[in-house]
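Asker: Sequence unavailable; structure follows:
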DNA sequence: ACTGAAGGCTGCCCGC
DNA sequence: GCGGGCAGCCTTCAGT
């Protein structure tokens, strides 16, 4: 099914090399995540609401047009259900 | 560490009974999920946006007061960043 | 984009009816989830490891053949990396 | 509730600065994620099973002792249920 | 058949 | 030290 291992030992060397690259990248990614966490800790110490900051970061990363469209639909539906204030 | 298995075979009968109960409940849960999926399919066929419906369902299930508070903070921050229109 | 609202108020009645059906199903789903949680709590009180039980439940729900295949690949790779004992 | 904004405009400048730092870190994190994705694509092209590679990466990052303990419990339970071959 | 998204589950961190 | 809440990963499904 795999198609990979035409030779029994699965090209262990190749696999090892790929895994090492991935693991290195993962280490970097985690290190950066820790830096971000530090910044959020600072923000929290300064009295900001971290959860809201995260939501805003995510929102701003998305495509602006799409966000506005989604928002419009949500408001339309909420209005139909009589709970416009929630959105 | 566990504390459970004071007797070697781990009270296999007890474990089996518990697992069966969980698995039965799981079957029911999945069946209901499929019914919900059908309703969403109907909604989609009628031209509604399923994703927005899901968001609204989730929003309405949450505590109203908390939703309003969170919304207020988000708007405050968005306004500080000059992107109030996104929220 | 939506195609739904050929009439301005978005067929609010239809949307409401659909939402109610979904929310009812959701309530049931949540109730069952709580029952499952109770069973796990019982299990924990009896000394069983809940996390392992969950893993086993998930494993048993899957297609047996596929599980065995996946297991074989994982062992092959682990062996290539010299950490067969982990899997 | 917040404690932060003793001054009405919520210290918009401070918030902006924090958000920018977070967003920069996020950009880096995403870029690295894309590199990892590339490596996995390479691996796939070479015939390896990406899912198994991911599982192995996750497994190797965890604490070795804990992994072995978890494995032992899982095998114990599986054996009690008569499906040791699955784990 | 593959890619991208959406939901559910697991692992992690904070608060109690 | 435990339980709850949050972020990330895996899995599943719709779309192409």
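Answerer: That came in fine, so what should we check first? What you see is a predicted model; the values in this text were computed from it and never measured.
Asker: in chain A, which spans are helices?
Answerer: Counting by DSSP state H, the segments of chain A that form helices are A:12-45, A:50-61, A:64-81.
Asker: Would you reformat these as JSON lines and include mean pLDDT, mean neighbour count and distance to residue C:20?
Answerer: Using the backbone N, CA and C atoms, a C-beta is placed for each residue, glycine as well. Formatted as JSON lines, the helices of chain A follow (pLDDT from 0 to 100; neighbours: other Cβ atoms under 10 Å in any protein chain shown; distance: least, Cβ to Cβ, whole Å):
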{"stretch": "helix A:12-45", "mean pLDDT": "94", "mean neighbour count": "16", "distance to residue C:20": "39"}
{"stretch": "helix A:50-61", "mean pLDDT": "92", "mean neighbour count": "16", "distance to residue C:20": "28"}
{"stretch": "helix A:64-81", "mean pLDDT": "90", "mean neighbour count": "16", "distance to residue C:20": "10"}
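Asker: Which one of these lies nearest to residue C:15?
Answerer: Closest approach to residue C:15 among the helices of chain A (Cβ to Cβ): helix A:64-81, 5.1 Å.
Asker: Tell me which other helices or strands that closest one touches.
Answerer: With contacts defined as 3 or more Cβ pairs under 8 Å, 6 or more residues apart in numbering or on different chains; DSSP states H and E, helix A:64-81 has these neighbours: helix B:50-61, helix C:12-45.
Asker: Now residue A:56: closest residue in space that isn't a chain neighbour?
Answerer: In this structure, residue A:56 finds its nearest non-sequential neighbour in residue B:77, 5.5 Å apart by Cβ to Cβ, 6 or more residues apart in numbering or on different chains.
Asker: Wait, the one you found touches residue D:18, no?
Answerer: No - in this structure, residue B:77 is not within contact of residue D:18 by Cβ atoms under 8 Å, at 10.4 Å.
Asker: Identify the contacts common to the two.
Answerer: Listed contacts common to residue B:77 and residue D:18 are A:48, A:53; contacts here mean Cβ atoms under 8 Å, 6 or more residues apart in numbering or on different chains.
Asker: Would you format the helices of chain A as JSON lines with distance to residue C:87 included?
Answerer: JSON lines is the format used below for those (distance: least, Cβ to Cβ, whole Å):
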{"stretch": "helix A:12-45", "distance to residue C:87": "14"}
{"stretch": "helix A:50-61", "distance to residue C:87": "35"}
{"stretch": "helix A:64-81", "distance to residue C:87": "41"}
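Asker: How about the contacts made by the residue in chain A that DNA strand F sits nearest to?
Answerer: Using Cβ to the nearest atom of the strand, the single residue of chain A nearest to DNA strand F is residue A:54, 4.0 Å away. The contact partners of residue A:54, by Cβ under 8 Å, 6+ apart, come to residue A:40.
Asker: Against residue C:62, how distant is it?
Answerer: Applying Cβ to Cβ, to the nearest Å, the value for residue A:54 to residue C:62 is 34 Å.
Asker: doesn't residue D:38 make contact with residue A:21?
Answerer: No - at 9.4 Å, residue A:21 does not count as touching residue D:38 under the criterion of Cβ under 8 Å.
Asker: Excluding chain neighbours, what is closest to residue A:23?
Answerer: Leaving aside its chain neighbours, residue A:23 sits nearest to residue D:57 (6.1 Å; criterion: Cβ to Cβ, 6+ apart).
Asker: gap between stretch A:75-86 and the chain center?
Answerer: Relative to its chain's centre, stretch A:75-86 lies at 28 Å (Cα atoms, centre = their mean, to the nearest Å).
Asker: got a list of contacts for it?
Answerer: A:87, B:48-49, B:52-53, B:56, B:59-60, B:64, B:67-68, B:71, C:5, C:9-10, C:12, C:15-16, C:19.
Asker: Could you confirm whether any residue of it contacts DNA strand E?
Answerer: No - Stretch A:75-86 lies out of reach of DNA strand E by Cβ under 7 Å from any atom of the strand, never closer than 13.9 Å.
Asker: And that stretch, end to end?
Answerer: 9 Å (Cα to Cα, to the nearest Å).
Asker: about what we covered before: show me the one of the helices and strands packed on helix A:64-81 that comes nearest residue B:34.
Answerer: When the helices and strands packed on helix A:64-81 are compared (using Cβ to Cβ), the closest one is helix C:12-45, at 9.6 Å.
Asker: Taking helix B:50-61 as reference, get the angle to that closest one.
Answerer: Counting by axes from the mean of the first three to the mean of the last three Cα atoms, to 10 degrees, helix C:12-45 lies at 60 degrees to helix B:50-61.
Asker: From the contact counts, what lies against helix C:12-45?
Answerer: helix A:64-81, helix B:12-45, helix B:50-61, helix C:50-61.
Asker: if I pick residue A:67, what's in contact with it?
Answerer: Contact analysis of residue A:67 by Cβ under 8 Å, 6+ apart lists A:59, B:86.
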